[in-house]
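Undergrad: model the following, please.
(4 chains)
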There are 2 protein chains.
Amino acid sequence: MEKVTIYDVAKEANVGIGTVSRVLNNSQRVSDKTKKKVLKAIKRLKYQPNAMARGLALQKTGSIGILVPAVTSHFFIEVLKGVQHGLEERDMDLVLYNVNFDDSYNISNKERYINRILSEKRVDGVLAITMKMTEDEINRFKNLRVPLVLVNDFYEKISSVFVDDLAGAKKATNYLTALNHQRIAFLNGCMDCRQGQDRMKGFKTALLEANTGVYDELIKIGDFNKESGYEMMKEILDLPREDYPTAIFAASDIQAIGALEAINEAGYSVPEDFSLVGYDNIELSKYLKLTTIAQPMFEMGKLGVELLVDSIQSNGDEIVQKELEPELLIRESC
Amino acid sequence: MEKVTIYDVAKEANVGIGTVSRVLNNSQRVSDKTKKKVLKAIKRLKYQPNAMARGLALQKTGSIGILVPAVTSHFFIEVLKGVQHGLEERDMDLVLYNVNFDDSYNISNKERYINRILSEKRVDGVLAITMKMTEDEINRFKNLRVPLVLVNDFYEKISSVFVDDLAGAKKATNYLTALNHQRIAFLNGCMDCRQGQDRMKGFKTALLEANTGVYDELIKIGDFNKESGYEMMKEILDLPREDYPTAIFAASDIQAIGALEAINEAGYSVPEDFSLVGYDNIELSKYLKLTTIAQPMFEMGKLGVELLVDSIQSNGDEIVQKELEPELLIRESC
DNA sequence: CTGTTAGCGCATTCAG
DNA sequence: CTGAATGCGCTAACAG
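TA: Residues are numbered from 1 along each chain as shown, chains lettered A, B, ... in the order given. Below is the predicted model:
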């Protein structure tokens, strides 16, 4: 079973390779008869076009790249499922560029990957998922006209799909105030990213609207990871007993889990002593029965490919922004 | 910033394209002086070879495919990290073929993906992770001389890296008998795959060696998923109280988690009423403090690429089998 | 050591 | 409507 090229098919069908190519791309103007003849030859020879050759001629690869930090995160996996779903409908391939921020032998390979993507032309476009892209990096894509869409991030000059974090934080906070909590703590992630800023705004807005007090000592800024959640919660537990909050809103599930550890270590429990709500709806949160804000991860991935493929096909610079709504998912931590 | 080809570099450096190609592939026989000249031109023009063209000429793509069912599984994610690590060292790309077994609009796309991989030639070889490949499918790879290595599965005619499941099951069981358990239940996955068979064998062997009883009513065969674990545990809880086991060994963590739910629902708890040990060491098991058998997932991925890349480069049919050792990870469920 | 040429497999002119 | 020629960007074999 040797490799069969378009020439073999042409010979088998007694036509020129041009004709074969035409039926392959079901270009117009091929008589039904020869078309059938060629199709039959293709089937007989089990011919399938070589992706490299086609890519070279067409200047299109039929695959997209996805740039992501830490494939390991559950958030990413869910998004990936959506991406796969969208890609499959279009018979496109996915090449994965997993950016590694903490690799010992290489501080970050982000730059290297971007260079490769931009010059090697192995992919027709890229989806950047939860990747803080600098303006400079984004401009490089624009200049080289390599379609780029941001997933779970927002930048006005580029197509992006993201979630309304302000609304998400408000939903969480509203739920807590509706439960009559008067002193609510907020364990936030970074404040130099959109997510952190918007969630902070949503939290405070909801509090004001509910006429509930805002206590600076209960508002902590850290990181979106578990350790940070743990540390911030410990600080709160170090406050005088009478300053304790009755509820805690964490900006990520994984922070909430860290906070939970601190709470348990201190001999308290959830929801008896503190109500706790997280953010993201990662798989773990289900098992820990954590009330949380669910992000539409699958849909983000699916929408992302849609935007990207459209952009690739239209070759246009149309910028589309899609904002998705997060949902409150009530479980047993409040 | 237009696209720059090898011709531009040649012109810039006042040499022929052959020379440029030679320094690119640091082929021998290029004078140091011209080499330097070309390198400088490359840098000045920010040139990088086009992957498609190079692939076409070389009949090598510089990327491998990975075939996997359900990207969503934590097991796969860990393996993927190892794969990525190995690939990065070699500057190769990864294209992901996520086989979907339960997609509504398409019973299984496995066949389609295999066809594509084999004919499109977009990848130089493939890593099949936790994919039950039929002998027929494997032979197609062999016939077309597309390197294939199995990860977490074993087939004598092809390179594979897998874990000694018999040893793993024995380690788990030995731990339980050492804890003096006399009635131990086993919640197994399928019995028509190597994993299930070997773990069953390991379980029974360990029991015999420890002179501990083997009770058929405590040995259940189901599936490796959570629902199955839940169901099997319920069946056990339906036994007369005096037939209850004192310990349960589940063939996967996720089954153990299902079993845990059944146990909790029935008003019992772990480790007070039952000891429980799982298998895999997925992330969840850490949070649930489940004692388990840890599989070297990262290493499997890393080893897998190594074997694959060797096979691609040597173009040889050398078959390498690597068996890895699982480890007992003691936590608080026993 | 280095420039030139001929494919790699396909899509797309351009003539018939 | 269809066959032949040209080029996509690069490597490798062939002459110098």
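
Undergrad: now do the helices in the stretch 151-300 of chain A.
TA: For the stretch 151-300 of chain A, applying DSSP state H, counting those that start in this stretch gives helices covering A:165-178, A:194-209, A:226-237, A:253-265, A:283-287, A:297-314.

Undergrad: and chain B, which of those helices is closest to it?
TA: helix A:283-287 (6.2 Å; Cβ to the nearest Cβ). C-beta here means a position set from N, CA and C on the backbone, and glycine is covered the same way.

Undergrad: so what touches the closest one?
TA: For helix A:283-287, the surrounding residues in contact (Cβ atoms under 8 Å, 6 or more residues apart in numbering or on different chains) are A:74, A:253-254, A:256-257, A:278, A:290, A:292, A:331, B:257, B:283-284, B:287-288.

Undergrad: if we go to 7 Å?
TA: A:74, A:253, A:257, A:278, A:292, B:284, B:287, B:288 (Cβ atoms under 7 Å, 6 or more residues apart in numbering or on different chains).

Undergrad: buried sites along that helix?
TA: Using 16 or more other Cβ atoms under 10 Å in any protein chain shown as the test for burial, helix A:283-287 gives A:283, A:284, A:285.

Undergrad: quick check, distance from that helix to the centre of its chain.
TA: 19 Å (Cα atoms, centre = their mean, to the nearest Å).

Undergrad: and residue A:254, how many neighbours?
TA: When neighbours are defined as other Cβ atoms under 10 Å in any protein chain shown, residue A:254 has 26 of them.

Undergrad: again with residue A:211
TA: The local packing of residue A:211 (other Cβ under 10 Å) involves 7 other residues.

Undergrad: same question for residue A:179.
TA: There are 14 residues near residue A:179, going by other Cβ under 10 Å.

Undergrad: now residue A:328, what's its secondary structure?
TA: At residue A:328 the chain is in strand, as set by DSSP: H, G, I helix; E, B strand; the rest coil.

Undergrad: how about the nearest residue to residue A:296 once chain neighbours are set aside, what does it touch?
TA: Counting by Cβ to Cβ, 6 or more residues apart in numbering or on different chains, residue A:296 lies nearest to residue A:324, which is 4.9 Å off, once chain neighbours are set aside. Neighbouring residues of residue A:324 by Cβ under 7 Å, 6+ apart: A:161, A:163, A:164, A:296, A:299, A:300.

Undergrad: the third one and residue A:176: what is the separation?
TA: In this structure, residue A:164 and residue A:176 are separated by 18 Å, where distance is defined by Cβ to Cβ, to the nearest Å.

Undergrad: between those two, which is the more surrounded one?
TA: Neighbours were counted for residue A:164 and for residue A:176 using other Cβ under 10 Å; residue A:176 has more, 28 against 15.

Undergrad: need phi/psi at the residue nearest to the spatial centre of chain A.
TA: Centroid-nearest residue in chain A, with Cα atoms, centre = their mean: residue A:129, separated by 4.0 Å. The phi and psi values for residue A:129, taken as degrees, to the nearest 10, are phi -100, psi 120.

Undergrad: so it makes contact with residue A:68?
TA: Yes: contact criterion Cβ atoms under 7 Å: residue A:129 and residue A:68 qualify, at 4.5 Å.

Undergrad: which neighbours do those two share?
TA: Taking Cβ under 7 Å, 6+ apart as the contact rule, residue A:129 and residue A:68 both touch residue A:76.

Undergrad: what residues does chain A have near DNA strand D?
TA: Residues of chain A lying near DNA strand D by Cβ under 7 Å from any atom of the strand: A:14-19, A:22, A:28-31, A:33-35, A:53, A:56-57, A:59.

Undergrad: gap between the closest residue to residue A:239 other than its chain neighbours and chain B?
TA: If the residues on either side of it in the chain are set aside, residue A:239 comes closest to residue A:217, at 6.3 Å by Cβ to Cβ, 6+ apart. In this view, residue A:217 and chain B are 29 Å apart by Cβ to the nearest Cβ, to the nearest Å.

Undergrad: for the closest residue in space to residue A:120 that isn't next to it in sequence, what are its contacts?
TA: If the residues on either side of it in the chain are set aside, residue A:120 comes closest to residue B:51, at 4.0 Å by Cβ to Cβ, 6+ apart. By Cβ under 7 Å, 6+ apart, residue B:51 lies in contact with A:120, A:121, A:122, B:62.

Undergrad: per-residue pLDDT, residue B:51?
TA: For residue B:51, the model assigns a pLDDT of 88.

Undergrad: that one and residue B:95, how far apart?
TA: 12 Å.

Undergrad: then residue A:120?
TA: Distance of residue A:120 to residue B:95, given as Cβ to Cβ: 13 Å.

Undergrad: and if you look at residue A:114?
TA: Counting by Cβ to Cβ, the gap from residue A:114 to residue B:95 is 18 Å.

Undergrad: got it, and residue A:15?
TA: Computed with Cβ to Cβ, the distance linking residue A:15 and residue B:95 is 33 Å.

Undergrad: what about the residue nearest to residue A:69 when sequence neighbours are not counted, neighbour count?
TA: Setting aside the residues directly before and after it, residue A:69 is nearest to residue A:99 in space (Cβ to Cβ, 6+ apart), at 4.8 Å. Each residue near residue A:99 was counted by other Cβ under 10 Å, and the total is 20.

Undergrad: hmm, back to that, for residue A:79, state which of the buried residues of helix A:283-287 is nearest.
TA: residue A:283 (13.4 Å; Cβ to Cβ).
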